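My questions concern the predicted model and sequence given below.
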Amino acid sequence: MIATRQMDIRANLKKYFDYAFNGEPVIVSRKENKNVVVISEKEYNDLLKAKRNAEYLEKLARSHEELEQGKTISFSMEELKAMESDNWKPTQKIIDFMGK
């Protein structure tokens with residue numbers, strides 16, 4: 001990781017972009033500790049992907065916990081198809097589940 005000042009970035013932009021492109025994050029110090037980090041687009045995309053994956057895994061964990069606690073309801077394909085109807089009304093199964 002490389003740390004530099006804002007004025008050095010201005011004077012050597014290509015050099016610091018090359019560092020970032022080659023996988024070396026560049027920290028640019030600014031007044032009032034409003035620092036920024038320059039990274040390659042690939043590294044940025046990898047970070048976004050890791051964040052989305054972590055969020056997805058958290059959702060899966062919560063869903064699994066709800067399943068374990070009996071906070072889910074399942075439907076047959078026929079029941080799901082019936083729900084597509086404009087005149088569908090909740091069945092007793094759904095009313096009982098919502099009452100929990």
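Arrived safely. Numbering: from 1, shown residues only.

contacting residues for the closest residue to residue 28 other than its chain neighbours?
The shortest distance from residue 28 to any non-neighbouring residue, by Cβ to Cβ, 6 or more residues apart in numbering, is to residue 36 (5.0 Å). The way it works is simple: take the backbone N, C-alpha and C, and place the C-beta from them, glycine included. Applying Cβ atoms under 8 Å, 6 or more residues apart in numbering, we find residue 36 in contact with 27-28, 30.

give the contact list for the closest residue to residue 29 other than its chain neighbours.
Closest residue to residue 29 apart from its sequence neighbours, by Cβ to Cβ, 6+ apart: residue 35 at 5.3 Å. When contacts are counted by Cβ under 8 Å, 6+ apart, residue 35 touches 27-29.

Need the phi and psi values for residue 35.
phi -70, psi 160 (degrees, to the nearest 10).

Repeat that for the one 3 residues further on.
Its backbone dihedrals place residue 38 at phi -100, psi 120, with angles given as degrees, to the nearest 10.

What about it, how many residues nearby?
The local packing of residue 38 (other Cβ atoms under 10 Å) involves 20 other residues.

Touching, it and residue 22? I think so.
No - counting by Cβ atoms under 8 Å, residue 22 is not a contact partner of residue 38; they are 11.8 Å apart.

Identify all contacting residues around the lowest-mean-pLDDT helix or strand in the chain.
For the chain, the helix or strand with the lowest mean confidence is helix 92-99, at a mean of 85 (criterion: mean pLDDT, DSSP states H and E). Residues outside helix 92-99 that contact it (Cβ under 8 Å, 6+ apart): 73, 79, 90.

OK, contacts around the last one?
If you count contacts by Cβ under 8 Å, 6+ apart, residue 90 has them with residue 98.

Could you look up the SS state of it?
coil (DSSP: H, G, I helix; E, B strand; the rest coil).

Separate out the buried members of the contacts of residue 36.
Those of these that meet the buried threshold are residue 28, by 16 or more other Cβ atoms under 10 Å.

Cross the contacts of residue 36 against strands and list the overlap.
27-28 (DSSP state E).

if we can go back for a sec, so which of the contacts of residue 35 comes closest to residue 66?
residue 27 (41.5 Å; Cβ to Cβ).
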